[in-house]
Each structure stands twice: as structure tokens, then as C-alpha cells.
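**Student:** pasting the structure only:
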């Protein structure tokens, strides 16, 4: 297997994985719809940074610990599930805030200007790094696409970068699509508080569902 053929083959597998709706998609959509385009891209960048970290760890063999050590996998799984539940509950609590505290229309939402982009980036990064299934995926898939004589670390990062490019392209479509949604909501003169509460409620329930699924899953 040559490096170009390995990259092309992995791009197909990673592309299919990228298109499957999941936790990352939910986080990016919520950030973009509730806080604006910049926060959507910050969340996506955090997720992709996490993927690069997993790719480097898999290339070095570090993530193999997750497949052979039940304790390591269990510890990361519990941490990831706890973090998702914490995020989900926090969003449900935010959805219950009085509208007076969040008043205004969608068009003059001050959240993008006030909230720090670093928080959105950190949320995407932490969510990705605490998901052991990502580590298991890279551990299982990356070695199959690393040619025998290729440097493992460099090739692992290159493969993860391919996944990142595909992921960012997909996230960009989702984020730019929310611009039309926000414009429609602005046209309908819906209150910002109503929209944000609905988004927080839906995303909160989704994150709690992913957290429970992660906590109960074996692998």
C-alpha cells in the first residue's frame, strides 16, 4: 500500500463516519444556531483538534491501552459520560431561565459578542477527548492504513488530518446553513430567549442521551 492509496482509502471510511449524525454534529449545530457562526467554527475546530490528538496517540500506540485495559476504558468512559451529562443538565437548566433574563429578538442577540470563543473551542475539544469510542476507532482503523515503511507518527497525523478536513467541510455546510435559519427566525421576529431555550432543551436532552448511552455501553 502506498501513501496516496492509503490516504484515499481512509478518506472514504472517514467520510462515511463524518456524515453519520452524532454528538459532534449536535454540538456544532447548537453553537452555530444559538451563538453564531464564529462559535460554530470554534466548536468544530476544538473537535478536530481532539481528533488530531487521538490520531497521534493511535499512531504511537498509546490508544491501544483502551482496547487491552478494561480499567482504562472504563475510567475514560465514566469521565466522558459524566461530562456529557453535566453539559446536558446545564443546558436544560439554561432552558428554564426566565425569558426576562434572556430577552430580545434573534436579530440583536448579544451572546456572540459577550461569550468567549475559547469556551466553545474548549467544549468541542473536551467532548472529543473524553469519548473513548473515538480512541477505539483510531486504534482499530489507523494501523490498517499506515504503509509498512511510513513513519507512524507522521502518517497517523496525516490520516487524522484527512478526517479533520472532511469533518470541517461538513461542519462548514452545517454552520453556513444555520445562517439561513437565523435569518428566517429574525424575519419571523421570534424572541431570542424563546429560540435559545428551545435549542438548549433539545441539545440538552440529546447530550444526556449520548451520556447515558456511553455510560451503559461496553465498547
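**Tutor:** Alright, I've got the coordinates. Note that the structure is a prediction, hence the values are computed from the model and not measured.

**Student:** and residue 170, how far is that from residue 136?
**Tutor:** In this view, residue 170 and residue 136 are 22 Å apart by CB to CB, to the nearest Å. All C-beta spots, glycine's among them, are computed from the backbone N, C-alpha and C.

**Student:** pLDDT below threshold where in the protein?
**Tutor:** For the chain, the stretches flagged by pLDDT under 70 are 62-69, 95, 97-115, 179, 181-196, 218-219.

**Student:** Excluding sequence neighbours, find me the nearest residue to the residue nearest the centre of it.
**Tutor:** Taking CA atoms, centre = their mean, the centroid of the chain lies closest to residue 24, which sits 2.8 Å from it. In this structure, residue 24 finds its nearest non-sequential neighbour in residue 47, 5.0 Å apart by CB to CB, 6 or more residues apart in numbering.

**Student:** Give me the distance from the one helix or strand that neighbour maps to to the chain's centre.
**Tutor:** Assigned by DSSP states H and E, residue 47 falls within helix 37-60. Per CA atoms, centre = their mean, to the nearest Å, the displacement of helix 37-60 from the mean C-alpha position of its chain is 8 Å.

**Student:** same check, this time on stretch 157-174
**Tutor:** That offset, for stretch 157-174, works out to 12 Å (CA atoms, centre = their mean).

**Student:** Can you get me a residue count around the residue nearest to residue 24?
**Tutor:** 28 (other CB atoms under 10 Å).

**Student:** What residues does it make contact with?
**Tutor:** Neighbour list for residue 47: 24, 27-28, 124-125, 127-128, 167, 171 [criterion: CB atoms under 8 Å, 6 or more residues apart in numbering].

**Student:** try residue 163
**Tutor:** Residue 163 sits in contact with 10, 14, 17-18, 51, 55, where contact means CB under 8 Å, 6+ apart.

**Student:** Sweet, I'm off.
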